[in-house]
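**Q** Everything below, folded, please.
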Amino acid sequence: MQSRRIGDTQVSAIGLGEMPMSLASRPPEQQSIDTVHAALEAGVTFIDTADAYARDGGDFGHGESLVAKALATYGGDTSEVLVATKGGHTRDANQGWGLNGSPEYLRQACDASLKRLGVDVIGLYQFHRPDPRVDYADSVGAIRDLLDAGKIRYAGISNADPEQIRLSNEILGGRLVSVQNQFSPAFRSSEPELSLCADLGIAFLPWSPFGGISKAGDLGSRFAPFAKVGEAHGVSPQQVCLAWLLAKAPVVIPIPGSSRPETIRDSAAAVHLTLSAEELAELDAA
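**A** Residues are numbered from 1 along each chain as shown. Next up, the predicted model:
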């Protein structure tokens, strides 16, 4: 599979977003494990999860435990797989989402993630979302401390604006390797962040590239040009969407969420789709 870079590591140009396998609508566990295995068989070497990917606070960390189990039960070599997780979100018993960006909490969250993933060092650890009650520099400072302590190999941030990207890279001493922001045909307000990442050589990881779990299947009906281009190439609108994102910049690594083997296989095949300048312009205008 075509590769791109996170830090000094080459990873597949398409990653796997684990979130749909852990929320309230999650599929049976074996189906999720089969999905991770299908991704690996298709050449995917980047998997994204988070401690908060769970039904609620009662099974907090489900996503990390699932990824660890899927990797442990895979029959092939997983030494080249980079697993990313995130800390800073919380969950309650009613499935609600909260925030805690305090340095103390992030240190505890990282330790818990290390145990659930069953590793000595987390491949990529990202601050999940800014907490308005905590100075952003303090939160990122905690990520820097984890990096310096050797508990994480790479440091990233998520849901950040350009000012926060610049500040984070400064606090991390130029060691910020990734920014994970929402980006899709329906949500393009992260163009400035994508552009800045391209300028700085930082990986940009678009989450929900199809517009969200409930909307991924009807991408082509919501954005007709993606269906039209897909028909011309004999591929799905979702493949077209991922190829469109890959063409945005060489730092872009989409992480489509998937919970079925057939969907991640389809997504992984997007690396083989080359779109013309005219097609890209048509999709940009959609």
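**Q** Now do the strands in the chain.
**A** Along the chain, the stretches classed as strands by DSSP state E are 3-6, 9-12, 16-17, 46-48, 82-87, 89-91, 97-99, 122-127, 152-158, 176-182, 203-207.
**Q** and the longest helix for the protein?
**A** In the chain, assigned by DSSP state H, the helix with the most residues is helix 103-117.
**Q** neighbours of the closest residue in space to A72 that isn't next to it in sequence, just the number please.
**A** Leaving aside its chain neighbours, A72 sits nearest to G118 (7.3 Å; criterion: Cβ to Cβ, 6 or more residues apart in numbering). (Each C-beta comes from the backbone N, C-alpha and C, glycine too.) With neighbours defined by other Cβ atoms under 10 Å, the count for G118 comes to 13.
**Q** G118 and L66, how far apart?
**A** Here the criterion is Cβ to Cβ, to the nearest Å. By it, G118 lies 12 Å from L66.
**Q** now swap in V134 and tell me
**A** Applying Cβ to Cβ to V134 and L66 gives a distance of 29 Å.
**Q** what's the answer for V83, then?
**A** From V83 across to L66, the span is 11 Å (Cβ to Cβ).
**Q** can you count the residues close to I255?
**A** For I255, the count of nearby residues is 24 (other Cβ under 10 Å).
**Q** what residues are up against it?
**A** I14, G15, L16, G17, F46, D48, Q180, L205, P206, W207, P209 (Cβ atoms under 8 Å, 6 or more residues apart in numbering).
**Q** In this structure the first one contacts A270, no?
**A** Yes. Taking Cβ atoms under 8 Å as the definition, I14 is a contact partner of A270 at 6.0 Å.
**Q** what residues are shared contacts of the two?
**A** L242, L246, P254.
**Q** closest to S189 among these?
**A** For those, the minimum distance to S189 (Cβ to Cβ) is 16.7 Å, reached by P254.
**Q** What is the burial count for the residue lying closest to P206 once chain neighbours are set aside?
**A** Excluding its sequence neighbours, the residue lying closest to P206 (Cβ to Cβ, 6+ apart) is F183, at 3.7 Å. By other Cβ under 10 Å, the residues close to F183 number 23.
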